Structures are given as structure tokens and as C-alpha cells.
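Novice: The following comprises the amino acid sequence and a computationally predicted model.
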There are 4 protein chains.
Amino acid sequence: MTETHRFTPSAWSNVLADMAPAMHISSGDIVITETLDAAGTNAHGEQTADRPNPMNGPIYVAGAEPGDALRVDILRIDPARETGWTRAALSANVLEPEYARNIPPRDRSEWIIDRKASTVRLEAPGAALKHLILPYAPMIGCFGVAPAGGEAISTATSGRNGGNMDYRGFTIGCSVSFPVSVSGALFFVGDCHAAQGDGEISGTGVETCCDVELRLTVEKHGGIGWPRGELDNRIFTVGNARPLDQALQHATTEMVAWLKSDYGLSDSDAAHLLGQTVRYEVGNVFNPAYTMICSVEKKWLPEKPKMA
Amino acid sequence: MTETHRFTPSAWSNVLADMAPAMHISSGDIVITETLDAAGTNAHGEQTADRPNPMNGPIYVAGAEPGDALRVDILRIDPARETGWTRAALSANVLEPEYARNIPPRDRSEWIIDRKASTVRLEAPGAALKHLILPYAPMIGCFGVAPAGGEAISTATSGRNGGNMDYRGFTIGCSVSFPVSVSGALFFVGDCHAAQGDGEISGTGVETCCDVELRLTVEKHGGIGWPRGELDNRIFTVGNARPLDQALQHATTEMVAWLKSDYGLSDSDAAHLLGQTVRYEVGNVFNPAYTMICSVEKKWLPEKPKMA
Amino acid sequence: MTETHRFTPSAWSNVLADMAPAMHISSGDIVITETLDAAGTNAHGEQTADRPNPMNGPIYVAGAEPGDALRVDILRIDPARETGWTRAALSANVLEPEYARNIPPRDRSEWIIDRKASTVRLEAPGAALKHLILPYAPMIGCFGVAPAGGEAISTATSGRNGGNMDYRGFTIGCSVSFPVSVSGALFFVGDCHAAQGDGEISGTGVETCCDVELRLTVEKHGGIGWPRGELDNRIFTVGNARPLDQALQHATTEMVAWLKSDYGLSDSDAAHLLGQTVRYEVGNVFNPAYTMICSVEKKWLPEKPKMA
Amino acid sequence: MTETHRFTPSAWSNVLADMAPAMHISSGDIVITETLDAAGTNAHGEQTADRPNPMNGPIYVAGAEPGDALRVDILRIDPARETGWTRAALSANVLEPEYARNIPPRDRSEWIIDRKASTVRLEAPGAALKHLILPYAPMIGCFGVAPAGGEAISTATSGRNGGNMDYRGFTIGCSVSFPVSVSGALFFVGDCHAAQGDGEISGTGVETCCDVELRLTVEKHGGIGWPRGELDNRIFTVGNARPLDQALQHATTEMVAWLKSDYGLSDSDAAHLLGQTVRYEVGNVFNPAYTMICSVEKKWLPEKPKMA
């Protein structure tokens, strides 16, 4: 029988790594936890942890062993306060190099998260942006599991184990599986955004604290190389690297591997299917590793062959 | 009064360049023309021109001068035959380098374009792809104008002047404006696809011949640096370069320039707007220059300030 | 019997392309010609052609046919005037993106070329550079042949056919072979520098006019894909692309092909030889295509197998 | 008074990280230690540690604090056994993507290190490589200090703190300074090569065990961002990232910072100096982060301004 746990951290991590668990749960259990914002500020405006992207965790999921996958079902992401913040300048690395001469200071701007209206808007917009009232579209900026090889990876970046991917699709209803490298998987989560464009190109979404509800399930013998997920009507894979070309290579290769192992496609079949139906989406293009998502609509997939 | 011209080429070009026009029209006129497929084959299966991507054109549009823009409204893309073809392997450059050892031969596969059902399917699918019946979703793979500086750019690649961008959004209802570098703009078009996933990652869409109907209009004093367009509910810019990071830089910088000049935004306003609403889409990632599209939904734009 | 020709152009080209030859010579003939600087200024300080990098040529070399190579032996590069110029700022694309905020204006600086002392120095150095007196180390910034496929490639960039590679090794004593794509090869030359660091990272070498003496020789059935050359004690290949990683891939693959076809190495032999002896040098990292040189010292090569 | 320590590890690390020191020394002391090869094999052919690149260390250097630099003088690198090994195939990522189809298996090849003759040669060369007898040219493939931010970085890659840079210049006589992020700096060393071409493009140098002698000295208030060093007649900086373009940006920006802070140059002075004298060298282009070295000959530097 699955349980629901409320997890209230007393310490936060700025790396994803193999470290002492803050909580133990069973596979299939639900965890509810309130995240800090990217700067380490809580729902009351108190800075309780250090930048960048302090993580709640790690959570030890019984039964997860290296070679397995940990599936995370995102059930709920509620705003835990009514303010968020962004930077008022695009990042130099998403603009033509010489244009960086024109970039304004990376000042902090405040946003209002209106829970009732379910909207997000600048607190003090200039005249040209007075109309800009965005829907509350929450997402998890940074989450994942302990990486392989004894690495401790900064929450400013990402890798095979997940991390700071800043993909808008990591929202309510999304399921994503991470490759497990240590016993218990060791799951971390934080850095929620009330809204964000593709790429997190100003270096921030609308940074805030959220109350998130997640189900964590061990998938035995996942054998996956990079994060894989399902969202709406599609399946997707995630590649994290620079340049974007390499992130795209990882995501595409992982999708081909998936189509071959689970759907019975040959490499040529995969070429036909992906060549005419693949979709790419851009995650983080601000931090050290960039993120590319490769997806296919489920309606184009063959039925999964039955397991013997 | 605008005219409609049927253009039937007797020669085709494999470069976009300043050359003798095949036809002269007025700004706002409509051109209807049947394109060859990427291999130079016509609707009757006869090879009448050379690879790669032979172009119909160039068309001289009266009044277009360097510094202007040429707007192309895509009014219609009808299939001109009932067959298409693809390659049965993904391109090595979209896969992890070592995985290229596994890539099957780049054999040609035939597809059936069913005009009545408005579908596209493999002629001889393997067992795992028997269900794959795609909607006819036509697009123009390669079009644009003569480039600046006396260059002649292969139709295998792309640049500021357009070219082989392979963006699925270049479909019926799309308008796109190219920066004009020579008198008359000199417009070229060809390489239509009956369907295509993002990136043209098998090196082809479903390559076929189409009957296309386009309106060509001179926009005086466009002052644009890269292609700009409108599609459905959004405006977009196009960057063409390698790596994808650089294509993204061009597209984003062009969007910032557009928001500043036409919508009255400051750099900080543009950071706020794009940071929380921008969308990126991947065009060609097979040919020498890669293509990235940067878009914003129109509903997030301020009203265009009135011209003085 | 080989002839020596003095070539005095009356027109210059800003593209490398298949165009009407300005001179016809025989294979093995020597051409002496005075180049303009990158801005189109001649030895008397008169601007006689347009930017960028106006070329002397093209020169038609009898007997050169597509598939052959054109070997260029650089015999002499003498200064044609006693002044040169540079830009007083590094290019934004060789610096960390955010650092571009600090880059000074790209003002022009004047240099003195002292023929007697064989030195190059700033005309008005700041206090910290008063000691900077560089040796005259001339090189050809931009040269090559007409490209394939009817392309006309700007002299601001480079490709398989050569072009604006800005490699310091293109100096007296160097031989370089370009792949021929049109009858007569059509050779172009210009953009000489009196000195230059790797990469042309301020966007210029010491830009000046030179009197160059070159021998042009047709190599039948060269079958090369990218420029190949010899310099001092080494052989080298050239790759031109972005990012540098791709330029390195082209140069390395071309070297492997050369070692296999001419020196009897297997792919594994080539891995052993290159893995432990290869050297890379950086050409242009300022312009659209970057340049990477891959070289091996001749002493590590096996004797060339005899032709049957 | 400086001391000399013989360090014989009983455990090895596959990450550079903040962990319990294996030895404490004073600033200026000398450490002598025998490294394992990249596969974890010792001088007697016994595998005593795991891949990749097991490190001797960490060594705590008293007085080193975050913000300082740790200078490493490489005094001696002697072969500790008479065998080495390599891979018999180039890495796919240094070849054109489609060429990867031709790459042979990455079999291991054995090499003989002849201490008397001071040479390195294949044990069983093919006919075409029988002549290939290379000089013993030892280098340290992987060394550095604990990184910032609590990260643990795999010895397969590199960063601001050093790591697996595979630069041929890390040889006897070289001094290199790493930015310190934790008390005691925590120095690690291993992965020596008896010979190596640029880039480690077959994925290995001649991998072997060496007896290395190093002096470790704390430089107070170094304030450096990336490794800096001196070698022969030049000073150099190191950038580690992908693509190579970004590694070059880091190395160049670090060199500009150095020239400004220590040599009194302005940004324009630095542009003049580097623009006409800079040299780039390629370190590792096999592993996740690539390495680029930026150097200037000392003779082109102004005298260092006196400290006040």
C-alpha cells in the first residue's frame, strides 16, 4: 500500500550527489514538499539556503539499484507564495556576441503570482508591458537523482541524471524516469517556476517557492541512458550537453534506443518514424549544459510488443 | 491591380544568386508554379534538373531594392504527384558519434501520397510501421532571395537570405519576409515536402513535387537582418548557422531587434517578454547551416505603436 | 618551359567563384602580383576596390579539371608599402559572452612596416606596448580556387576551396593544394598580413599590400576533399567550418584519407600515428567559418609506396 | 625550510572533490609519488584502482584558502614501468560523422617504453609503422584541485579546477596554477602518458605509470578563474568546455584578465598584443570537456609593474 509523506527539509543541497538521505520511502509512495526558490528564499521571504537552486532531498526510494530507473509522476505544483522574481536582461550567450554590448544590467524584477486568477505578472511593468498577464504555468526547473561515478553535480547544470533542465514540460501530468546510479536512487527536487519561456533565456523563469506533490516509483531494469518521459500525448527523451547539437544527439540516440528496445523498431524503422514525426523542444540554454527534448506523439508508435 | 502568373521554368538553379530573372512581376502579384523534388525529378518521374534542390526562379519583383524586404504569403501547396521518397537512415550528425557505427545504408524508400485521403505513407513499410499513415502536411523546404555581396549560396544550405531551412512552419497560411540584397529581390522556390519531422533528421522530408501558389510583396525599408514571419497566432524569426547555439543567437537577436523597432520595447522589456513567453522550433539540422526559429504569440505583444 | 607572369589586375572580386578569368597560364608557371589590403586599399593608399578582402584573379591554369588539385607554392611575400592597420579590440566571439560588455570600440590602429629592419610595430603604442616590435612575418590571409556547385563564396569566409583561412603557416616556403571544381581551377589571392597571431582574434592581422610570387601547378587526379599542404618539416590538412570541433573533424578526416591513400596506412595505423604525433593549429576564428589545421611531421611518415 | 615527501597512496579517487586528505604538506614542499595508469593498473601490472584515471591524493597544502591559487611545478616524470597502452582507433567525435561507419574496433594496443633509449614504440606495429619510434615525452594527463560549490568532478573530464586536460605541455619544467576553492586546495594527480599527440584523439596517450616529482606552492590572493601557467618561453591559460569555441573563449578571457591585472594592459593593449602574437594549442578533444590553451611568448610582455 502506498503512503503519502510530507517532507520538510532542514538542510538543502547545491549538488546532486550520493549523500546521506533525508527521508526513506517505498517505491510508489507520494512525497509532498515545499521548495525554496533559486536564490534559497522560502515562502516567507527568508533566505534559508545558498544559491544556486538549493534542493530538497535526497529521498531514498527502497529497492532502486544501479541500472534501474526512478519514475517521477508530477501530480501537483501549487504556488507557496504570491511573489516571484526574474532578471531584466537576456543572457549574453543567447544573443549575437557583439550584441552583448547593448545588454542592460541583470537587475532583479519582482512578479506577482495571483493564485485566485491563476496568473503571473510584473509588479511594475513599463508602459509597453502593462498588458502582459501570463497564465500560471508551473514547472520544476531542477530535479533528478544522484549521478554515477561518485560525481557531485552542481544544481546549476545537468547531466544524464537530470538536474537543472528548465524544461516547461516538467509540469503537472508529466512523468519522467531518471537512470539510477546508486542504491535508493537519491532523489532531489527544487527550483520551481511559476512561468517560463523556452530556454530560460533571461537566466530565470518566474522564480518562486512551490508545494509539489510527486509519486516516486522504481522501474526495475530500466537500462536507460538519459531521462525519458511521457507528457500529454507524447513520449520524450532528454539530452543535456553543449552545444545544443550535442544535446540533440543524446536525446535522439536515446529515443532510437527506446524505439528499438520497447517498440520493436529497427534502425531504419526508427529513421522513418522520427524522420517524419519527431519534435524537438529547447530546455535550458543559459547554464553550462543545455537541454534538448526529443519527442514523438504516441499515436505514431506501434503497440508495445508483449513481454515474453 | 494584382495579377496571377503561372510560371513554368525551363531551367533550374542549384544556387540562390544574382542572375538573369526568369520572370518579372509586380509587387503583390501571385505566382503559381510546380516545383521539382530535391533530386530534380518532376511530376512525371523525369529527372529534368540536377541535385541538390533545384529551384524555380529567379522571379524579379519590381520595386524591390537592397534594404527592403520581400514578403512571401504561402497560399497553397498541392501535391503534383502521388509519390514521394525519403532516406531509410538517420543522419550521423544527429546521433551520438560512436552510434554512427550502427547506422544502416542511406537507401531510398518510396512513399505514397494519397490526395483523396490527404495522407502520406510508406509504400512498403516493415511490420512495425504498417500503422503509420501521416496527414499530408506540405511545406516548402527551400526558398528565399538572392544573397548580398555577390554570393551564390548552394540550395543545400541557408543564410540570411533564406534557402534550405526545412522548417515545417513554411506551410499554407504562413507569411515570411526575406531581406532584399539586389534589385528585384530575385525570388527562388523548390524542394517541397509532403510531410517532415523537425530537423529533417533523416536528410529528407517526404520529397515530392508540388504546385505552389505564392503572393510576393515588396515591403519598403524593411531593414531586417534575417527572415521574419507570421504563422497562426505567432510572429517568428529565423536564424541559420552552425552550431544550433549560433542559429538560436541570430534568431533571438533578430526578434529583439523587431520588438524594439516595431513594438516600442526596451531591451529589458524584451527580456521580460521573451524570457517568459518565447518558443523555439528546430528547422534543418542535416545540412551545413542549421535552422532555429524563435517565436512569440501575438497575444503577448503590445499594440504596434502608430507610425508618425 | 615555365614562364613568369606579372599580373596587374584592373578589377577585383569579393567572392571566389566561376567567373571570366583575368589571366591564363600554364601549369608550373609563376605569377607575381601585388595584392590590395583587406579594405581594398593599394600600396599608394588609394581605395581601388570594395571590402571585404578584394581578390586578384581569377587565374586560369591550363589543364586543371574538376577532381584535380591546384598546388600553390608560396615563393615570396614582400611588403608593398610601409604601413598596415589593425582593429583595437578583440572580437566578441573569442571572449566569454558576458565579457563582451567590456570590449572597447573596434577603432582602427596604424602600424609601421619597417622593410630595412624587417619589423612591424604600432605607430602610436600606449605606454605598455612601447617595447612591442614584431618580426615581419608575412602570410596570405585569403586565397583559393572557384568552389563546386556553382557557388560564389564571400572572401570573408572559407570552405573546401580555401578562402579566408588566416593561417600563419601560409607563408614563404609553404605549398598548399586546393581541390579543383572547374576547368582552369580559377585561382584567387589577396588579403596579406605583415604579422598575425593565431585565430586573427582582433579581426585583423597587420593588414597591408604585398607583392607575392607564387607557382601554380596542376596535380592530376588529386582527389582531395579539403586543402592539403606542406610546410617546413610537416604535412598538413585544413578544415573550415563552425564550430571549431567541426573544422577539426574535417581536417582530421582529410588527414586520415591522405595517410590511407598515399602512405599505405590502415585506419588503425592512422589512429596510432595521429594519436601520438598529430598537431593542431588554429586559423581564423573571427569570420563565419573557422579554420583548423591538422599536421604530422614528415619524419613520422612511412615512405610513400611507389606508384605501380 | 621545504621538505620532500614520498606519497604512497592506499586508495585512489575517480573524482576531484573536497574529501579527507591523504597527506598534509607545507607550501613549497616537494611531493614524489607514483601514479597508476588510466585503467588503474600499477607498475607491476596489477589493477589496484578503478577506471577512469584514478588519482593519487588529495594532498592538503597548508595555508591555501578559497581565492588563492596553488602553483604546481613539474620537476620530474620518470617512467615507472616499461609498457604502455593505447586504443587502435580514432575517437568518432574527431572525425566527420558519416566517417564513423569506418572506424575499427577500439582494441587495446601495447607499447614498449625503452628507458635507456628514452623512446616509445608499438610492441607489434604493422608494416607501415615499423619505423615509428617516438621520443619519450612524458606528461601529466589529469591533475588539479578540489572544485568549488561542493562539486565532485569525474577524472574523465575537466573544469576551472583542472582535471583531465591532456595537454602535452604539462611536462617537466612546466608550472601551472589552479584556482583554490577549499581550505588546503586538495591536490590530485594521475593519468601520465609517455607520449601523446594533440587532443588525445585516439582516446589515449601512451598510458602508463610514472614516478612524478612536484613542488606545490600556495599563491595568496591569486584571484584566477582558470588554470594559468608558464612553459619554456611563454605564459599560458587553459579553458575547459565544449565546444572548442567555448574553451577558447575561457582561455582567451582569462589571458586578457591576466594581462590587465598583472601587466598593466588596457583591453585595447591586450587586443594588440594578443591579436598579433597569441598562440593556441589543443588539449583533450576526446572527453566531455575539451581543452584549449592560449599562450603568449614572454618576450612580448611588458615588464610586470612593481607591486606598491
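Specialist: Everything's here; your move. Residues are numbered from 1 along each chain as shown, chains lettered A, B, ... in the order given.

Novice: In chain A, what residue comes closest to chain D?
Specialist: residue A:152 (3.7 Å; CB to the nearest CB). For the C-beta atoms, the positions are set from N, CA and C on the backbone; glycine is no exception.

Novice: Give me the number of neighbouring residues for that residue.
Specialist: 22 (other CB atoms under 10 Å in any protein chain shown).

Novice: And for whichever residue of the stretch 51-200 of chain A sits closest to chain B, the neighbour number?
Specialist: Going by CB to the nearest CB, chain B is nearest to residue A:197 of the stretch 51-200 of chain A, at 3.9 Å. Residues within reach of residue A:197, counting by other CB under 10 Å, total 23.

Novice: name the element residue A:256 belongs to?
Specialist: For residue A:256, the host element (DSSP states H and E) is helix A:244-263.

Novice: Let me see the mean pLDDT of the following helix or strand past that helix.
Specialist: Downstream of helix A:244-263, the next assigned helix or strand under DSSP H and E is helix A:267-277. Helix A:267-277 carries an average pLDDT of 98.

Novice: Please give me every residue in contact with residue A:205.
Specialist: A:86, A:139, A:141, A:166, A:193, A:194, A:195, A:196, A:197, B:275, B:276 (CB atoms under 8 Å, 6 or more residues apart in numbering or on different chains).

Novice: Which members of the residues you listed occur in strands, if any?
Specialist: Counting by DSSP state E, the members of the contacts of residue A:205 that fall within strands are A:86, A:139, A:141, A:193.

Novice: Can you turn the buried part of these into a ChimeraX selection?
Specialist: Buried residues within the ones in strands among the contacts of residue A:205, by 16 or more other CB atoms under 10 Å in any protein chain shown, are selected in ChimeraX with:
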select /A:86,139,141,193
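
Novice: can you tell me which of the ones in strands among the contacts of residue A:205 lies nearest to residue B:253?
Specialist: Nearest to residue B:253 among the ones in strands among the contacts of residue A:205 is residue A:86, at 19.8 Å by CB to CB.

Novice: Backbone torsions only: list them for the closest residue in space to the closest one that isn't next to it in sequence.
Specialist: Excluding its sequence neighbours, the residue lying closest to residue A:86 (CB to CB, 6 or more residues apart in numbering or on different chains) is residue A:204, at 4.5 Å. Backbone torsions of residue A:204, given as degrees, to the nearest 10, read phi -150, psi 150.

Novice: same check, this time on residue A:152
Specialist: The phi/psi pair for residue A:152 (degrees, to the nearest 10) is phi -120, psi 110.

Novice: For chain A, give me the ranges with low pLDDT.
Specialist: For chain A, applying pLDDT under 70 flags the ranges A:306-308.

Novice: what does it have sitting close to chain D?
Specialist: A:13-15, A:17, A:149-154, A:156, A:241-243, A:246, A:288 (CB under 8 Å from any CB of the partner chain).

Novice: In the stretch 101-250 of chain A, what residue comes closest to chain B?
Specialist: Closest point on the stretch 101-250 of chain A to chain B, by CB to the nearest CB, is residue A:202, at 3.1 Å.

Novice: From residue D:108, how far off is the nearest residue to that residue once chain neighbours are set aside?
Specialist: Closest residue to residue A:202 apart from its sequence neighbours, by CB to CB, 6+ apart: residue B:275 at 3.1 Å. Using CB to CB, to the nearest Å, we find residue B:275 at a distance of 50 Å from residue D:108.

Novice: Those two: who's more crowded?
Specialist: Using other CB under 10 Å, the more surrounded residue of residue B:275 and residue D:108 is residue B:275, with 29 against 12.

Novice: Against chain C, how distant is that one?
Specialist: 16 Å (CB to the nearest CB, to the nearest Å).

Novice: Just give me the neighbour total for whatever residue of the stretch 201-308 of chain A ends up closest to chain C.
Specialist: Nearest to chain C, among the residues of the stretch 201-308 of chain A, is residue A:243, at 6.5 Å (CB to the nearest CB). Neighbours of residue A:243 under the rule other CB under 10 Å: 21.

Novice: okay but it is in contact with residue B:247, surely?
Specialist: No. Counting by CB atoms under 8 Å, residue A:243 does not reach residue B:247; the two are 10.3 Å apart.

Novice: hang on, the earlier thing: next, the angle helix C:244-263 makes with the helix holding residue A:256.
Specialist: Helix A:244-263 runs at 80 degrees relative to helix C:244-263, counting by axes from the mean of the first three to the mean of the last three CA atoms, to 10 degrees.

Novice: Would you mark the buried spots in helix A:244-263?
Specialist: In helix A:244-263, counting by 16+ other CB under 10 Å, buried: A:244-260, A:263.

Novice: do it and chain B meet?
Specialist: Yes. Among the residues of helix A:244-263, A:244, A:245, A:248, A:249, A:250, A:252, A:253, A:256, A:263 lie within reach of chain B under CB under 8 Å from any CB.

Novice: Show me where the stretch 101-250 of chain A has its strands.
Specialist: Assigned by DSSP state E, counting those that start in this stretch, the strands in the stretch 101-250 of chain A fall at A:108-114, A:119-122, A:134-135, A:139-145, A:153-154, A:158-159, A:162-164, A:175-179, A:187-193, A:207-208, A:210-219, A:228-231, A:234-241.

Novice: Spell out which residues sit in contact with residue A:106, please.
Specialist: Applying CB under 8 Å, 6+ apart, the residues near residue A:106 are A:87, A:88, A:89, A:203.

Novice: Would you mind giving the dihedral angles phi and psi of it?
Specialist: phi -90, psi 50.

Novice: residues in the stretch 51-200 of chain A within reach of chain B, list them.
Specialist: Counting by CB under 8 Å from any CB, the stretch 51-200 of chain A sits next to chain B at A:86-90, A:93-97, A:99, A:102-104, A:107, A:109, A:120, A:122, A:125-129, A:131-132, A:134, A:195-200.

Novice: Buried among the residues you listed? Make that a ChimeraX selection.
Specialist: In ChimeraX, selecting the buried portion of these, with burial taken from 16+ other CB under 10 Å, looks like this:
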select /A:86,87,88,89,90,93,94,95,96,97,99,103,109,120,122,125,126,128,129,132,134,195,196,197,198,199,200
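
Novice: Which of the residues of the stretch 51-200 of chain A next to chain B fall within helices?
Specialist: For those, not one is inside helices, with DSSP state H as the criterion.

Novice: what domains does the record give for chain A?
Specialist: A:4-82+A:136-219, A:228-300 (automatic domain parsing).

Novice: The shortest one: how far from the chain's middle?
Specialist: Which is domain A:228-300. 15 Å (CA atoms, centre = their mean, to the nearest Å).

Novice: Check what contacts stretch A:8-18 and list those residues.
Specialist: Against stretch A:8-18 from outside (CB under 8 Å, 6+ apart): A:19, A:22, A:33-34, A:36, A:40, A:48-58, A:144-147, A:150-155, A:161-163, A:181-182, A:186, A:188, A:190, D:149-152.

Novice: Stretch A:199-214: end-to-end distance?
Specialist: By CA to CA, to the nearest Å, the extent of stretch A:199-214 from end to end equals 24 Å.

Novice: Likewise for stretch A:37-48?
Specialist: Terminal-residue distance, stretch A:37-48 (CA to CA): 10 Å.

Novice: quick check, that stretch touching chain B?
Specialist: No. For stretch A:37-48 and chain B, the contact criterion (CB under 8 Å from any CB) is not met; the two come no nearer than 13.6 Å.

Novice: That stretch: how far from the chain's middle?
Specialist: 19 Å.

Novice: May I see the buried residues of it?
Specialist: Quick answer for stretch A:37-48 (16+ other CB under 10 Å): A:37, A:38, A:39, A:40, A:41, A:42, A:43.

Novice: Could I get those in CSV, plus columns for secondary structure and distance to chain C?
Specialist: Output for the buried residues of stretch A:37-48, formatted as CSV (DSSP: H, G, I helix; E, B strand; the rest coil; distance: CB to the nearest CB, whole Å):
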residue, secondary structure, distance to chain C
A:37, coil, 23
A:38, coil, 18
A:39, coil, 19
A:40, coil, 23
A:41, strand, 24
A:42, coil, 29
A:43, coil, 32
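
Novice: Sweet, I'm off.
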